[in-house]
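> Got a predicted structure here, sequence first:
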Amino acid sequence: MSSKNTNNSYGWVAKTFHWGLFLIIVYQFWLGNNFKELELAGRHFSIGVLILLLMLLRFSWRASNPVPELPDGTGKLQAMGAHGLHILFYILLIGLPLAGIAIVQSKGGTVSFFGLFSIPGILEKAESSADLAVTMHIIFARATLISVILHLLMALYHHFGKKDDVLRRMLPW
Ligand code: HEM
Ligand code: HEM
C-alpha cells in the first residue's frame, strides 16, 4: 500500500492518522468525563496537546496529498457536505485543545506535555476568561461528538446502503 493518497484511495499514512487518532480521541473523551474523580488531569491535558500536535501534522499531510474523490454519481451537495464535515473535524479538534489550554492558563495553571515541556503562558489569570473557555470547551466537545455520529452513520450508509467502496478505502486492511 502506498504512503500517499491517490484520487480514489487513502495511503497508509492517512489511515494511520485516522484510526490512531480515533482511538486516542475516544480515550480522551472518557478522560474528559472522568479525570476529576480519578485525579488524571495531567493525563487529559497531555493527551489533549498530543491530539493538537497530531491534528496539525495530519492537516499538513492532507494538504500535500490528493483528497480521494467520492464515487461517480455523488451529488454536488453531498460531496460538499462530506468535504465540509471533514474540514469541520480539523477546526473542532484544533479548537478543542486550544480552549482546554485556555481554561488551565486563565485559572493560573501551567499545561505540561507529559512532563517534557510546558506550553508557554499566553493568557493571564482571569475568572471571566476561564468561564468562557470552559463553555467553548464543552460546546466544541459536544459538536465533535455529534459530527462523529453523523460521520459514522454516513460511512455505514455508503457501505450498506449505496454499497460503494467509501468505507473500505479507509479501512486498515
Ligand atoms: C481534543 C482534545 C480534547 C478533548 C476531546 C477533550 C474533551 C473533554 C470533555 C468531553 C470534557 C468534559 C466536558 C463536560 O463537562 O461536559 C473535558 C473537560 C475538560 N478539559 Fe478537555 N478535552 C480535550 C483537550 C483538553 C486540553 C488540551 C486541556 C488542557 C490543557 C483540557 C482541559 C479540560 C478541563 C480543565 C476540563 C474541565 C472543564 C470544567 O471545568 O468543567 N482538555 N474535556
Ligand atoms: C474520532 C472520530 C473520527 C474522526 C475525528 C474522523 C475524521 C475523519 C476525517 C477528517 C476524514 C477525512 C480524511 C482525512 O482528512 O484524514 C475521515 C474520513 C473517513 N472516515 Fe473518519 N473519523 C472518525 C471516526 C470514523 C469512524 C468511526 C468511521 C467508520 C466506521 C470513519 C470512517 C471514515 C471513512 C470511511 C472515511 C473516508 C471518507 C471518504 O473517502 O470521503 N471515521 N474521517
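In hand now; what should we look at? Ligands and ions are numbered 1, 2, ... in the order given.

> Going by C-alpha atoms from here, please, whenever you check contacts or count neighbours.
Noted.

> What parts of the chain come near ligand 2?
Applying Cα under 6 Å from any ligand atom, we find that the chain lies next to ligand 2 at 14, 18, 22, 25, 62, 70, 86, 89, 148, 152, 155, 166-167, 170.

> how about these, which pair is most distant?
Greatest spatial distance among the residues of the chain next to ligand 2 (Cα to Cα): 25 and 70, at 25.7 Å.

> hmm, back to that, now, which of the residues of the chain next to ligand 2 sits nearest ligand 1?
Nearest to ligand 1 among the residues of the chain next to ligand 2 is residue 25, at 5.7 Å by Cα to the nearest ligand atom.

> What's the local residue count around the closest one?
Residues lying near residue 25 (other Cα atoms under 10 Å) number 16.

> Show the contacting residues for it.
By Cα atoms under 8 Å, 6 or more residues apart in numbering, the contact list for residue 25 reads residue 51.

> Spell out whether the helix or strand where it lies and ligand 1 are in contact.
Per DSSP states H and E: residue 25 is located in helix 12-38. Yes: judged by Cα under 6 Å from any ligand atom, helix 12-38 and ligand 1 are in contact via 25, 28-29, 32-33.
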